[in-house]
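Novice: kindly generate the corresponding structure for this input.
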Amino acid sequence: MKKIIEKSLENPYTYHQFRNLISHLLTENKSTGHKQSEEITAFSSLNDRRMKRLDKTIKISDKTSAVMNTINQPQTWLVITEGWCGDAAQNLPVIHKIAETSNLVNLKVVLRDDNEDLMNLFLTNGGKSIPKLIALDKNNNVINTWGPRPTIATQMVANYKTKHGVIDANFKQDLQVWYNKNKGENLQEDFIQLVRNIQIEEV
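Specialist: This is a model prediction of the structure:
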């Protein structure tokens, strides 16, 4: 596992490099990922607009900042994602803002399709769901994970699947509405718990 993680860390993107990559690919009517289609490019274009908006509007709470400031050892937050992923577009800008509140957290981004071995280590219910965050200590040991959605959104998905069997376009629209209303608050709650759990493990 450690060798695969360290290999993925050889050429990661910063958040801003990832954002620039998406914008550049869109000028060529492309998205990240090994599969290309008009639909995937359309998703990527929509997500680019979402991330631009969130980059400007997301506010990190004082509580989140306070907990982040209790981190006393270097951490790498390695995020597996793609430009076409709607959940990633709603969450990655918030994760970036959270990471910025600590000088000891280094956020790095890698693409799922370019890091299949890494993705296979961190499946969600057997699937390659993204975004997936892997928190690493200074020696690149896994100390926690998160993803692909905040806890409330995860429960929404589970409830809908139980009732309808599949996730359809109507639910995906409802989920985006929830993201817009929640404004990253549930995600911040998740990361407060993530950081606290890491500290408990370190004691």
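Novice: tell me where the model's unsure across the protein.
Specialist: Low-confidence segments of the chain, defined by pLDDT under 70, span residues 202-203.
Novice: quick one, longest helix in it?
Specialist: Taking residue count as the measure and DSSP state H as the definition, the longest helix of the chain comes out as helix 38-57.
Novice: after that helix, which helix or strand is next?
Specialist: Per DSSP states H and E, the first helix or strand lying C-terminal to helix 38-57 is helix 62-68.
Novice: returning to what we had before: what packs against the longest helix of the chain?
Specialist: On a contact count with 3 or more CB pairs under 8 Å, 6 or more residues apart in numbering; DSSP states H and E, helix 38-57 meets helix 15-27, helix 86-100. Any C-beta I mention is one placed from the backbone N, CA and C, and that applies to glycine too.
Novice: what are the contacting residues of the longest one?
Specialist: The reference is to helix 86-100. For helix 86-100, contacts defined as CB atoms under 8 Å, 6 or more residues apart in numbering pick out 15, 18, 43, 46-48, 50-51, 54-55, 58, 60, 64, 68, 77, 79, 81-82, 105-107, 109, 130-131, 133, 147-150, 153, 172, 175-176, 179, 184, 187-188, 191.
Novice: nearest the geometric middle of the protein, what residue?
Specialist: The central residue of the chain, meaning the one whose C-alpha is nearest the mean C-alpha position (CA atoms, centre = their mean), is residue 131 at 3.8 Å.
Novice: contacting residues for it?
Specialist: 79, 80, 81, 85, 87, 88, 91, 92, 95, 147, 148.
Novice: how about residue 183?
Specialist: Listed by CB under 8 Å, 6+ apart, the contact set of residue 183 reads 57, 58, 59.
Novice: do residue 74 as well
Specialist: 104, 105, 106, 137, 138.
Novice: residue 104 too?
Specialist: With contact taken as CB under 8 Å, 6+ apart, residue 104 is in contact with 71, 72, 73, 74, 75.
Novice: return the member of the contacts of residue 131 nearest to residue 115.
Specialist: Nearest to residue 115 among those: residue 80, at 6.4 Å, using CB to CB.
Novice: you'd agree the closest one is up against residue 120?
Specialist: No. Contact criterion CB atoms under 8 Å: residue 80 and residue 120 do not qualify, at 10.6 Å.
Novice: those two - which one has more neighbours?
Specialist: The neighbour comparison of residue 80 against residue 120 (other CB atoms under 10 Å) goes to residue 80, with 27 against 10.
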